[in-house]
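S.K.: fold the following, please.
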Amino acid sequence: MKKILFLLLSFVLMSSYASSASVVVESRELYHPKNYSIMYMKDGEPVDKHADQKLLYSLWKELFILDIQFKFVGPDIVDKRIGKMNYTQLSEDSKSCNKAERLEKLVAEYQPDIVLLDIVKCDDTLKSDYSKSWASVITDILQANSNVKIILPKTGLGSEYVSHIAGLPMTSGMPSNDRILWVDSNITFESVHKKQFSDNKSNETCVVGEKAKVWADGITRLVHKTTKAYTPQIYSYKAIAEGDSLTLHVFENRKLKTASVKPAIVFFFGGGWSYGTPLQFYRECSYYASKGYVAIAVDYRINFLHHTTPFHSFDDAKDAIRWIKKHA
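M.R.: Take a look at the predicted model:
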């Protein structure tokens, strides 16, 4: 990293961290006029509730890094490091008629632009009836909201599943009516055990990460997002418990012809010492980097993840500043 003249430290504390996932994004109308409303629907009782909830946050990260302006909607709430996140959990034993009625009401109430329908795999002996019932449900959703688009997994349910949904054929892209997108998101915990990973991440982390990237790719295609994603340099500035570390997310535009010594601006996310993520300031960092700054978003310990106090957060902040000065 080039020499940095440390001129400005910005420690930003938000007054409220509730629903920070939507608050942070909705305040950026300057970047993308369209604020996409996304409803994630999980079919069946979660095999691993923690993993399913982790998937939702991983998807949020993927979309935020891609600079897509969005918010999650739905009646169910899960608490993650960015605050409250909304989604829809469908009961495994719900009858198809009740499920269809509930989904129609939810789509009418929340008016989502995009519905992510995470349909579980079923036994081969039940696949035909299962696919027909879901075909009816999805057709009803499309009719209930003339603008909604649906992203569906195209594997694990059989070809008859496709043929019953509004008569639309399965393709690698968008069908002719431009309202259904098929993605290869049927990644299961059963299949991942057959796969060897070269890193030290757990099977759960790998599965969640793969599914989140697939869903995010589908959403990107629907919203026709073409700009580049955020790609900061990540530096570890402090080791913490269990072999983990705290990081600095550094943005620098090396293509700009500026002085060898650059000003720096440092952002600490807000969230009452309990919630938040460095990603919340990626947009600001990208902007200042385009003006010749070295912009840095700092990760530090929070109560939600590390069960720590504000004093630990302050210690991390001081260590981050020391690291920046030492490596300037």
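S.K.: and Y57, that's in a helix?
M.R.: Yes: assessed with DSSP: H, G, I helix; E, B strand; the rest coil, Y57 lies in a helix.
S.K.: quick one: the strands in the stretch 151-300 of the chain?
M.R.: 180-183, 233-239, 245-252, 262-268, 294-298 (DSSP state E, counting those that start in this stretch).
S.K.: strand partners (parallel or antiparallel) of the first one?
M.R.: To tie it back to what came earlier, the one meant is strand 180-183. Strand 180-183 pairs in its sheet with strand 149-153 (parallel), by DSSP bridges.
S.K.: and the partner strand, what's its mean pLDDT?
M.R.: Mean per-residue pLDDT for strand 149-153: 83.
S.K.: got the contact list for it?
M.R.: 113-119, 138, 141-142, 178-186, 215, 218-219, 222 (Cβ atoms under 8 Å, 6 or more residues apart in numbering). (C-beta placed from N, C-alpha, C; glycine too.)
S.K.: also stretch 243-255?
M.R.: For stretch 243-255, contacts defined as Cβ under 8 Å, 6+ apart pick out 1-2, 230, 232-240, 262, 278-279, 282, 285-286, 288-290, 292, 294-301, 316, 319-320, 323-324.
S.K.: give me the mean pLDDT for that stretch.
M.R.: pLDDT averaged over stretch 243-255 gives 92.
S.K.: list the buried ones in that stretch?
M.R.: Buried residues in stretch 243-255, counting neighbours by 16 or more other Cβ atoms under 10 Å, are found at 246-253.
S.K.: which residues touch S290?
M.R.: Going by Cβ under 8 Å, 6+ apart, S290 touches 253, 256.
S.K.: still on that earlier bit, just the strands of the stretch 151-300 of the chain: most buried one?
M.R.: With neighbours taken as mean count of other Cβ atoms under 10 Å, those reach their highest mean count in strand 294-298, at a mean of 26.
S.K.: extract the CA atoms of whichever strand or helix holds L63 and return them as PDB.
M.R.: L63 belongs to helix 49-65 when assigned by DSSP states H and E. Output of helix 49-65 as PDB, limited to C-alpha atoms (Å, rounded to 0.1, in the frame of the first residue of the first chain):
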ATOM      1  CA  LYS A  49     -32.200 -23.400  10.800                       C
ATOM      2  CA  HIS A  50     -28.900 -21.700  11.600                       C
ATOM      3  CA  ALA A  51     -27.600 -22.500   8.100                       C
ATOM      4  CA  ASP A  52     -30.800 -21.300   6.400                       C
ATOM      5  CA  GLN A  53     -30.600 -18.000   8.300                       C
ATOM      6  CA  LYS A  54     -26.900 -17.700   7.500                       C
ATOM      7  CA  LEU A  55     -27.800 -18.100   3.800                       C
ATOM      8  CA  LEU A  56     -30.000 -15.000   4.000                       C
ATOM      9  CA  TYR A  57     -27.100 -12.900   5.400                       C
ATOM     10  CA  SER A  58     -24.700 -14.400   2.900                       C
ATOM     11  CA  LEU A  59     -27.100 -13.400   0.100                       C
ATOM     12  CA  TRP A  60     -27.400  -9.900   1.600                       C
ATOM     13  CA  LYS A  61     -23.600  -9.600   1.400                       C
ATOM     14  CA  GLU A  62     -23.400 -10.800  -2.200                       C
ATOM     15  CA  LEU A  63     -26.000  -8.300  -3.300                       C
ATOM     16  CA  PHE A  64     -24.500  -5.500  -1.400                       C
ATOM     17  CA  ILE A  65     -21.000  -6.100  -2.800                       C
END
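S.K.: so which elements touch it?
M.R.: Helix 49-65 is packed against strand 36-43, strand 70-72, strand 76-80, strand 83-90, helix 203-223, with contacts defined by 3 or more Cβ pairs under 8 Å, 6 or more residues apart in numbering; DSSP states H and E.
S.K.: could you redo the last one with a cut-off of 6 Å?
M.R.: Other elements packing on helix 49-65 under the criterion 3 or more Cβ pairs under 6 Å, 6 or more residues apart in numbering; DSSP states H and E are helix 203-223.
S.K.: wait, which of the buried residues of stretch 243-255 is closest to K34?
M.R.: The closest of the buried residues of stretch 243-255 to K34 turns out to be F251 (Cβ to Cβ; 24.5 Å).
S.K.: would you confirm that M85 contacts G74?
M.R.: No: using Cβ atoms under 6 Å, M85 makes no contact with G74, being 9.0 Å away.
S.K.: which residues are common contacts for the two?
M.R.: Common contact partners of M85 and G74 (Cβ atoms under 6 Å, 6 or more residues apart in numbering): none.
S.K.: just the buried ones from the contacts of strand 149-153?
M.R.: Here, 16+ other Cβ under 10 Å leaves 113-119, 138, 141-142, 179-183, 185-186, 215, 218-219, 222 buried among those.
S.K.: where does the stretch 101-250 of the chain have low pLDDT?
M.R.: Applying pLDDT under 70 to the stretch 101-250 of the chain picks out residues 120-131, 154-177, 184-207, 225-227.
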